[in-house]
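Peer 1: have a look; sequence and predicted model below, questions after that.
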Amino acid sequence: MPAQPIVGLHHVTAIASDPQANLDFYTQGLGLRFVKRTVNFDDPGTYHFYFGDDAGSPGTILTFFPWPRASRGTAGAGEVTHTAFSIPAASLAYWEQRLVDLHIPFTRSPRRFDEEVLTLADPDGMKIELVAHSKAATAHPPRFSDVPAEHAVRGFFGVTMLQLDATETAATLAFMGFQQIAAEGNRLRFASPADSSALGNHIDILVDPQANFGRSGAGSVHHIAFRAANDESHLEWRTTITEHLPATEVLDREYFHSIYFREPGGVLFELATDNPGFAIDEPLESLGERLCLPPWFESRRPELEQRLAPITLHKITSAATTSSAPETAIADRVPPPSASSPTSMKDNASDPHANGELYRAGAPLDQATAAVILLHGRGGAARDILTLSRALAPANSPIAFLAPQAANSAWYPQSFLADRETNQPFLDSALARVHSIVDLILAAGIPLGRIVLAGFSQGACLATEFIATHPARYAGLIAWTGGLIGPPDSNLTHSGDLAGTPALFASSDPDAWVPWPRVEESAKIFTAMGAQVTLRRYPDKPHSVSGEEIELGRKLIEKALTSTK
């Protein structure tokens, strides 16, 4: 093994679609510095963006190939599914508040290896994690960022690879000097013992023998690059790697030198040198402010500048408070309805959901041509289910997504099969809250025929009940594990014409909270009311929304909105 070890990641490279949206998210959202704008050396008509700390230090660099017409990729086996950044343990609350203020949906996961993790998605659906831990490195905060230095992203924490089996990938990491240091369920963690505190020194393998293979596209990680200290070590490591796997010759990437090889599980690995760095063709003070080209493309500058989409770098020169947000917010919130609203009640005791927050994503209502109301399940959060908006949105469709938050994270306290009176006043308040959001959408000029109601579990029951009790032609119903509300022995009678409303009922069987017979009964009632029903039963599926169910929902939205243009 070479004398100088590989310690952590050098960079991660991914695929994006809209260059400006990509630039804004990582600079104004995550507060990274735009370190370099150049071109893809293999496709010079495309940008290559680099984001990182103030100097573009190895271990902090996230790079993108933004292809404006790239279709959305899907994560799967043989791919990096999550890219994790390191933040100090004391910064978790700051980042939760910042993401709320910027209206970026996120989830806070259960503790993982004794770490707190926030998971979010960029505009192309790429999964980003912020890992709060006590050993976060010293910050080199970007000079043009509103994130206070003490809360700045430190650099990479690591990546997660999804594999059908870990054996051969683990063997590859082993000859690279990485050892397994922990395991939690089906997650295995590897690190180089040479420097346990190095940036990007946590390589996780998530093992799922049933996982589907992914599809490359916008939101996909193209490859991950590990660090070689210098050119001499780089060549020594190439010799070692080629004893196990085929590898390329050394390639000049201008800011580092690279070799590439694919590990047996399918992930493309790169080994990149720390030298020469990003200040070789522009001053540190103005990194990322001009298009930098390698010498062999300089003669083509006029042509390439004309082909590349214009972009604007928004430079923030002073830190703002945690409650301030860039003008280009990624989502928006609207105030709750006033007490004088016809769908509101007069006080919180009788209308517990009236003052809940309403989160938005996608197109603003005044620019949208359709809307989707997303209703979370018991114990869930509006901003969590709102993360589905990017997966549900058909390409190039101006759709507004709205997700209300239930009081105490539950729309009603008892089972949906309990006597209705035991769920009052919460159930009526929940239905009134949905009604107020529908009214809000109608007031923006979007008709019922362009409104979809979607929900999971308790939210699916609420969406189903609302449409059944307010029958009309809607753009659609998506009920993931839910059905009509009422006791098992009650006679569920609903009248009215749904006039061809597309309705998806998809659920596991058995399910601990939603019996399959109620799902079937609800589907039959909707069919009798004139809906176009799709019924899907999944034996022994966990109580969650699967990728297939999300795709069925996306297709329903796409078909419904296409047919009602």
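Peer 2: Thanks, I have the structure now. All values derive from a computational prediction rather than experimental measurement.
Peer 1: quick check: domain ranges of this structure?
Peer 2: The domain map for the chain lists 9-307, 332-563, with the assignment taken from automatic domain parsing.
Peer 1: I'd like these as CSV, with mean pLDDT, distance to residue 316 and mean neighbour count appended.
Peer 2: In short, each C-beta sits where N, CA and C put it, glycine included. Formatted as CSV, those follow (pLDDT from 0 to 100; distance: least, CB to CB, whole Å; neighbours: other CB atoms under 10 Å):
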stretch, mean pLDDT, distance to residue 316, mean neighbour count
domain 9-307, 94, 5, 19
domain 332-563, 88, 20, 19
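Peer 1: of those, which is nearest residue 2?
Peer 2: For the domains of the chain, distance to residue 2 was read as CB to CB. The smallest value, 3.7 Å, belongs to domain 9-307.
Peer 1: show me where the stretch 301-450 of the chain has strands.
Peer 2: Using DSSP state E, counting those that start in this stretch, the strands of the stretch 301-450 of the chain run over 332-334, 358-362, 370-375, 399-404.
Peer 1: no wait, the stretch 151-300 of the chain
Peer 2: Residue ranges of the strands in the stretch 151-300 of the chain, as given by DSSP E, counting those that start in this stretch, are 155-163, 179-184, 187-191, 202-207, 221-228, 251-252, 256-262, 268-276.
Peer 1: so who does the residue nearest in space to the middle of the chain touch?
Peer 2: The structure's the chain has its C-alpha centroid closest to residue 121; by CA atoms, centre = their mean the separation is 2.3 Å. With contacts taken as CB atoms under 8 Å, 6 or more residues apart in numbering, residue 121 has the following neighbours: 105, 127, 128, 219, 387, 390.
Peer 1: return the member of these nearest to residue 479.
Peer 2: Of all those, residue 387 has the smallest distance to residue 479: 18.9 Å, by CB to CB.
Peer 1: wait, doesn't residue 10 sit right on residue 234?
Peer 2: No - counting by CB atoms under 8 Å, residue 10 sits too far from residue 234 to count as a contact (10.9 Å).
Peer 1: give me the common contacts of the two.
Peer 2: Common neighbours of residue 10 and residue 234 are listed as 228, 271 (criterion: CB under 8 Å, 6+ apart).
Peer 1: hmm, back to that, between the strands of the stretch 151-300 of the chain, which one is nearest to residue 443?
Peer 2: Shortest distance between residue 443 and the strands of the stretch 151-300 of the chain, using CB to CB, is found for strand 221-228: 41.6 Å.
Peer 1: what about the closest one, distance to the chain center?
Peer 2: 21 Å (CA atoms, centre = their mean, to the nearest Å).
Peer 1: settle this for me: residue 418 is touching residue 487, isn't it.
Peer 2: Yes - proximity of residue 418 to residue 487 meets the contact threshold set by CB under 8 Å, at 6.8 Å.
Peer 1: now the helices for the chain?
Peer 2: Secondary structure of the chain, counting by DSSP state H: helices at 19-24, 92-101, 167-175, 231-242, 301-307, 382-385, 389-392, 426-443, 458-469, 516-528, 547-563.
Peer 1: make a markdown table out of these and add distance to residue 272.
Peer 2: Formatted as a markdown table, these follow (distance: least, CB to CB, whole Å):
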| stretch | distance to residue 272 |
| --- | --- |
| helix 19-24 | 21 |
| helix 92-101 | 28 |
| helix 167-175 | 17 |
| helix 231-242 | 8 |
| helix 301-307 | 24 |
| helix 382-385 | 36 |
| helix 389-392 | 30 |
| helix 426-443 | 49 |
| helix 458-469 | 45 |
| helix 516-528 | 52 |
| helix 547-563 | 33 |
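Peer 1: of all those helices, which one is nearest residue 152?
Peer 2: Across the helices of the chain, closest to residue 152 is helix 92-101 (CB to CB), at 10.1 Å.
Peer 1: got the angle between that closest one and strand 358-362?
Peer 2: Relative orientation of helix 92-101 with respect to strand 358-362: 70 degrees, computed using axes from the mean of the first three to the mean of the last three CA atoms, to 10 degrees.
Peer 1: what does stretch 193-204 rub up against?
Peer 2: Residues beyond stretch 193-204 that count as contacts (CB under 8 Å, 6+ apart) turn out to be 5, 7-10, 57-60, 84, 86, 135, 137, 154-161, 173, 177-179, 187-192, 227.
Peer 1: mind listing what residue 126 touches?
Peer 2: Residues in contact with residue 126, defined by CB under 8 Å, 6+ apart, are 14, 16, 83, 219, 220, 221.
Peer 1: quick check: the two most widely separated of these?
Peer 2: Every pair in these was compared (CB to CB); the two farthest apart turn out to be 16 and 83, at 12.8 Å.
Peer 1: which one of the contacts of residue 121 is nearest residue 438?
Peer 2: residue 105 (21.5 Å).
Peer 1: gap between that closest one and residue 394?
Peer 2: With the distance defined as CB to CB, to the nearest Å, residue 105 ends up 19 Å from residue 394.
Peer 1: mind putting the contacts of residue 121 in TSV, distance to residue 38 included?
Peer 2: Output for these, formatted as TSV (distance: CB to CB, whole Å):
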residue	distance to residue 38
105	31
127	26
128	23
219	22
387	32
390	27
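Peer 1: dig out what the closest residue to residue 49 other than its chain neighbours forms beta bridges with.
Peer 2: The spatially closest residue to residue 49, leaving aside those adjacent along the chain, is residue 64, at 4.6 Å (CB to CB, 6 or more residues apart in numbering). Assessed by DSSP bridges, residue 64 has beta-bridge partners residue 14, residue 49.
Peer 1: didn't residue 64 look like it was pressed against residue 15?
Peer 2: Yes - using CB under 8 Å, residue 64 is in contact with residue 15, at 6.9 Å.
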